[in-house]
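Undergrad: A structural model of the following input is requested.
(one chain, ligands or ions: 1)
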Amino acid sequence: MSRYDNMTYRRCGRSGIKLSALSLGLWHNFGEEDDQNRARELVWGAFDRGITHFDLANNYGPPPGSAEITFGRIMKESLHSHRHEILVSTKAGHPMWDGPYGDWGSRKHLITSLDQSLKRMNLEYVDIFYSHRYDPDTPLEETMGALDYAVRSGRALYAGLSKYPAQVTSQALEILKRLGTPCLVFQTRYNMMERELEGMLDHILDVAGVGLTIFSPLAQGMLTDRYLKGIPEDSRAARNHFLKRENLSDEKLLRIGRLNEVARRRGQSLASLALTWVLGHPGVGSAIIGASRIAQLEDNLTALGTSPLSDEEQGEIKKILGL
Ligand SMILES: NC(=O)c1ccc[n+]([C@@H]2O[C@H](COP(=O)([O-])OP(=O)(O)OC[C@H]3O[C@@H](n4cnc5c(N)ncnc54)[C@H](OP(=O)(O)O)[C@@H]3O)[C@@H](O)[C@H]2O)c1
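TA: Numbering: from 1, shown residues only. Here you go, the predicted model:
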């Protein structure tokens, strides 16, 4: 009954749609090999705490596609009657199947992949369909035309771009606007340690009124207390694939420890501080978090009730990170 009481909803750019300030991403922990009960608990737990936006991609797993299958099963079993309360996004562009149409930005890849995603998730439509990455070998007109078609054909309600370089983003946004399917949202990495968004890209999106969804706001778990006492066996860094052990150098861990002290002083966890920091950036519609257990989700939600960072705190964080 209290599902919507404690979540903040933020307008996505200058569109009509609002996003939950935190979204749940299914990149890790929702594949075929992961604990299916825990996956269900996380999706339900997120929704029951007011998270309305679930972020997927064709290739999430492992194996690729299996996170969509997990999500589709949960939707079918228990959340179908809430479909109208939930925003589902998926993407195409990274390697998905063999042969010349299995990745990148052709119309063939995007539309075929979206049809497969809908099937895997047991959905009639997704809310947001992203081009997952810029394809330098396919004309922007073709990729944007495919996004426009995805929307016009009813497969998606909105179009989005992910990880496009600033230099081509303006042109892509222009084409989408001209086609009559303005870009709703741009998805990019942004956190205290990785700030490439700031500058040209930020400016382009702001002027165009495009919303921002942020991925890896916790730097895949590095901006939490997860690694302060070594690498836990059940952590992402222990799998040593997307987050490499070598990323956790002694020097970085020292800086993370000092950030942890700043967080403690403010009466929050480091994960919560990292999210306060991301959500304090103008234009951010939602921070897409990953989680492997409900306790992490609950910890991350505490960011919503905290005071914004002062200029002194911002300065201290920069200094700690050597920026
Ligand atoms: N567009 C793109 O190209 C792109 C790229 C990457 C990600 N994404 C999207 O963004 C989503 C989030 O990315 P991400 O998983 O890298 O995000 P993240 O929030 O930076 O990292 C999530 C990981 O941090 C750890 N964690 C989370 N909360 C914690 C807490 N309170 N205390 C301690 N540890 C905590 C967990 O690690 P353990 O699993 O080790 O417990 C969790 O899996 C993805 O699921 C995906 O939807 C998109």
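
Undergrad: how about the residues of the stretch 101-250 of the chain near the ligand?
TA: Near the ligand, the residues belonging to the stretch 101-250 of the chain are 132, 162-163, 187, 215-221, 224-226, 235-236 when assessed by C-beta under 6 Å from any ligand atom. All C-beta atoms are positioned from the backbone trio N, CA, C, and that covers glycine.

Undergrad: 5 Å instead, please
TA: Residues of the stretch 101-250 of the chain that fall close to the ligand, judged by C-beta under 5 Å from any ligand atom: 162, 187, 215-216, 218, 220-221, 224, 226, 235-236.

Undergrad: show me these that map onto strands.
TA: Of these, the ones assigned to strands by DSSP state E are 162, 187, 215.

Undergrad: out of these, who has the most neighbours?
TA: Counting neighbours by other C-beta atoms under 10 Å, Gln187 comes out on top of these with 26 neighbours.

Undergrad: hang on, Trp97 in a helix?
TA: No. When classified by DSSP: H, G, I helix; E, B strand; the rest coil, Trp97 is found to be coil rather than part of a helix.

Undergrad: look up how far the ligand lies from it.
TA: When C-beta to the nearest ligand atom, to the nearest Å is the yardstick, Trp97 and the ligand sit 18 Å from each other.

Undergrad: what's the neighbour count on that residue?
TA: 15.

Undergrad: over to His281?
TA: Each residue near His281 was counted by other C-beta under 10 Å, and the total is 16.

Undergrad: which residues of the stretch 51-200 of the chain fall in helices?
TA: 66-74, 107-121, 140-152, 166-179, 200-208 (DSSP state H, counting those that start in this stretch).

Undergrad: most tightly packed of those helices?
TA: Counting by mean count of other C-beta atoms under 10 Å, helix 66-74 has the highest mean neighbour count of those, with a mean of 23.

Undergrad: now the angle from that one to helix 107-121?
TA: Here helix 66-74 runs at an angle of 40 degrees relative to helix 107-121 (axes from the mean of the first three to the mean of the last three C-alpha atoms, to 10 degrees).

Undergrad: next up, the contacts around the closest residue to Gly31 other than its chain neighbours.
TA: Computed as C-beta to C-beta, 6 or more residues apart in numbering, the closest residue to Gly31 that is not its neighbour in sequence is Gly61, at 4.1 Å. If you count contacts by C-beta atoms under 8 Å, 6 or more residues apart in numbering, Gly61 has them with 31-32, 67.

Undergrad: if I look at Phe242, how far off is Pro232?
TA: To Pro232, Phe242 is 16 Å away according to C-beta to C-beta, to the nearest Å.

Undergrad: kindly report the same for Asp48.
TA: With distances defined as C-beta to C-beta, the gap from Asp48 to Pro232 amounts to 27 Å.

Undergrad: Arg239 too?
TA: Using C-beta to C-beta, which is the criterion applied here, Arg239 is 11 Å from Pro232.

Undergrad: what do you get for Glu298?
TA: If you go by C-beta to C-beta, the gap between Glu298 and Pro232 works out to 18 Å.
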